[in-house]
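Peer 1: based on what follows, work out the 3D shape:
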Amino acid sequence: MTAPFIAAVIGAAFGDEGKGLATDLLCRRAPGALVVRHNGGAQAGHTVGDGARRFVFHQLSAGSFRGADTFWAGSFLPDLYKLPEELADFRATAGFSPRVFADPAAGITLVDDVLLNMALETSRGENRHGSCGMGINEANERGRAGFRVTLGMISGMTAASLTALLSRIRRDYALPRLSSFGLTPETAGEYGTLLTDPNVPARYAEGVLRGLEAVRLVPDPDAFLQPRQTVIFEGAQGLLLDAENKTNAPHVTASRTGLTNPLRLCRAAGRSLDLALYVVRSYLTRHGAGPLPGETAPSALGALSPDETNRENPWQGRLRYARHTSPAGLAAPILADLGPWDGTAALFVTHLNETQGLLRFASGDLPPEALVPHPAFGGRLSFVGASASRTDGTLPVPFGRE
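Peer 2: This is a model prediction of the structure:
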């Protein structure tokens, strides 16, 4: 039997590092793992492929090809309206449907969160924050204002009762929130039109309840996590987009992207985290507005392949590229995230096939193995895994099957 093992997969940059591949590799070693989605929501896009198959995971775990169950922690913000489409697409790709479990306390994003997000971001013009337009921050703001809606709240609701709830939240919160932006339904364009269309809450309520049918609510999340042999916390976004990252504000996400949630959830379940695995490309990318020191053309970094997941779009624009500043610049957010936690920390470097096996630093390129003894990391890295392929990599993690 495989010994109990708990790992957290964390992006070390601005997202898009390869967290999906890292999660998939860990789940290959431990069939039947539980993968916990604990931050962000449906705006994540974690790509996994094995040659014949390729899938971009948004709310399902990136371990799904390996039979891993997905668990939505209370800090995750699912979009139930979008879930049936993702499940159908995965079923068409893999031939089966993964199981999805959830903490009833998890809040959900609503259609008006998305519309408010889009209206506000559009109104910013050239001063956009780089939002995905998926309503994550607006869902958090709504919750702080006393209008949080959870999975447990809507369980057992009829479409009519949920429509009534959504309509009340629209009247008492969403429309006043739009006004606080200095916008009206007329000046907010198509988003304002939808925010005043009485048919939108009804259609959305029906879709939400269809999505909820695919989710198994777990009355006691702590007890649910306790007996699981292998647990992988699959983070979204990256440390440089963490909600508490003051350096990059306001161009950050609305959730905690590092160890905060995994450690809290482990403590609550009486478990211990074994590994913090930080994922980074061999170069730096950023999809969305905000500073990117040393931004350069992708051709200056190596033979980079087109990024099929991060295509140019109206909300985030094009994927942007740069070298990492230095080993110290890479290490700083990782060491800050580790803080006093004294468990095993490691790095997983992806896209090395595009950069001749080297990490691109403005201070001088280095092979991945040079980072373990590098003084910038202060001896905190136990090992560095590497990927020179979009579908495989090496992770010398002492658990599961070799």
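
Peer 1: every contact and neighbour count from this point should use C-alpha atoms.
Peer 2: OK.

Peer 1: residues touching Gly18, list them.
Peer 2: Contact analysis of Gly18 by C-alpha atoms under 8 Å, 6 or more residues apart in numbering lists Gly11, His46, Thr47, Val279, Val280, Arg281, Thr350.

Peer 1: go on, Ala139?
Peer 2: Contacts of Ala139 by C-alpha under 8 Å, 6+ apart are Ile108, Thr109, Leu110, Asp113, Arg148.

Peer 1: any idea how far Leu241 is from it?
Peer 2: Distance, Ala139 to Leu241, using C-alpha to C-alpha, to the nearest Å: 18 Å.

Peer 1: can you check Leu265 too?
Peer 2: Look at Leu265 and Leu241: by C-alpha to C-alpha, they are 21 Å apart.

Peer 1: all strands of the chain, in order?
Peer 2: Assigned by DSSP state E, the strands in the chain fall at 5-11, 34-37, 46-49, 54-57, 69-72, 100-102, 215-217, 230-234, 275-281, 284-287, 295-296, 319-322, 344-350, 381-386.

Peer 1: which one of the ones you listed lies nearest to Ala164?
Peer 2: Closest to Ala164 of these is strand 215-217 (C-alpha to C-alpha; 22.5 Å).

Peer 1: so for that closest one, mean pLDDT?
Peer 2: Averaging pLDDT along strand 215-217 gives 98.

Peer 1: now that strand: buried residues?
Peer 2: Burial within strand 215-217, assessed by neighbour count using 16 or more other C-alpha atoms under 10 Å, is assigned to Val215, Leu217.

Peer 1: kindly tell me how buried Asp392 is, as a neighbour count.
Peer 2: Residue neighbour count, defined by other C-alpha atoms under 10 Å, stands at 18 for Asp392.

Peer 1: is it correct that it is in contact with Leu25?
Peer 2: Yes. Look at Asp392 against Leu25 with C-alpha atoms under 8 Å: they come within range, at 7.3 Å.

Peer 1: OK, contacts around Arg271?
Peer 2: Applying C-alpha under 8 Å, 6+ apart, the residues near Arg271 are Gln226.

Peer 1: how close does it get to Leu34?
Peer 2: In terms of C-alpha to C-alpha, Arg271 sits 14 Å off from Leu34.

Peer 1: for the protein, which segments count as helices?
Peer 2: 19-29, 83-94, 111-123, 136-144, 151-154, 159-169, 175-180, 189-195, 199-212, 221-225, 260-269, 327-338 (DSSP state H).

Peer 1: tell me the contacts of the residue lying closest to Asn39 once chain neighbours are set aside?
Peer 2: Excluding the flanking residues, the one nearest Asn39 by C-alpha to C-alpha, 6 or more residues apart in numbering is Phe76, at 4.7 Å. Applying C-alpha under 8 Å, 6+ apart to Phe76 gives the contacts Arg37, His38, Asn39, Gly40, Gly41, Ala106, Gly107.

Peer 1: just the buried members of those?
Peer 2: Judged by 16+ other C-alpha under 10 Å, buried ones among those: Arg37, His38, Asn39, Gly40, Gly41, Ala106, Gly107.

Peer 1: of all those residues, which comes closest to Ala388?
Peer 2: For those, the closest approach to Ala388 (C-alpha to C-alpha) belongs to Arg37, at 26.1 Å.

Peer 1: next one: that closest one relative to Gly63, how far apart?
Peer 2: Counting by C-alpha to C-alpha - Arg37 and Gly63 are separated by 11 Å.

Peer 1: Thr193 too?
Peer 2: 39 Å.

Peer 1: got it, and Phe96?
Peer 2: If you go by C-alpha to C-alpha, the gap between Phe96 and Gly63 works out to 13 Å.

Peer 1: pick out whichever of the two has more residues nearby.
Peer 2: Neighbour count, other C-alpha under 10 Å: between Phe96 and Gly63, Gly63 has more, with 30 against 14.

Peer 1: report the contact partners of the more buried one.
Peer 2: Gly20, Thr23, Asp24, Cys27, Arg28, Val35, Asp69.

Peer 1: Gln237 contacts Gly11, doesn't it?
Peer 2: Yes. With contact defined as C-alpha under 8 Å, Gln237 and Gly11 form a contacting pair (6.2 Å).

Peer 1: what do the two both touch?
Peer 2: Thr257.

Peer 1: please convert the buried ones among the contacts of Phe76 to CSV, extending it with distance to Gly258 and pLDDT.
Peer 2: As requested, these are exported to CSV (distance: C-alpha to C-alpha, whole Å; pLDDT from 0 to 100):
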residue, distance to Gly258, pLDDT
Arg37, 12, 98
His38, 10, 98
Asn39, 9, 97
Gly40, 12, 94
Gly41, 15, 95
Ala106, 19, 98
Gly107, 20, 98
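
Peer 1: what's the farthest-apart pair in those?
Peer 2: Most distant of the buried ones among the contacts of Phe76, by C-alpha to C-alpha, are Arg37 and Gly107, 13.1 Å apart.

Peer 1: any idea how the protein splits into domains?
Peer 2: Domain assignment for the chain, taken from automatic domain parsing, gives 5-103+218-386, 111-216.

Peer 1: show me where pLDDT drops low in the stretch 1-150 of the chain?
Peer 2: 1-2, 128-132 (pLDDT under 70).

Peer 1: all good on my end, thank you.
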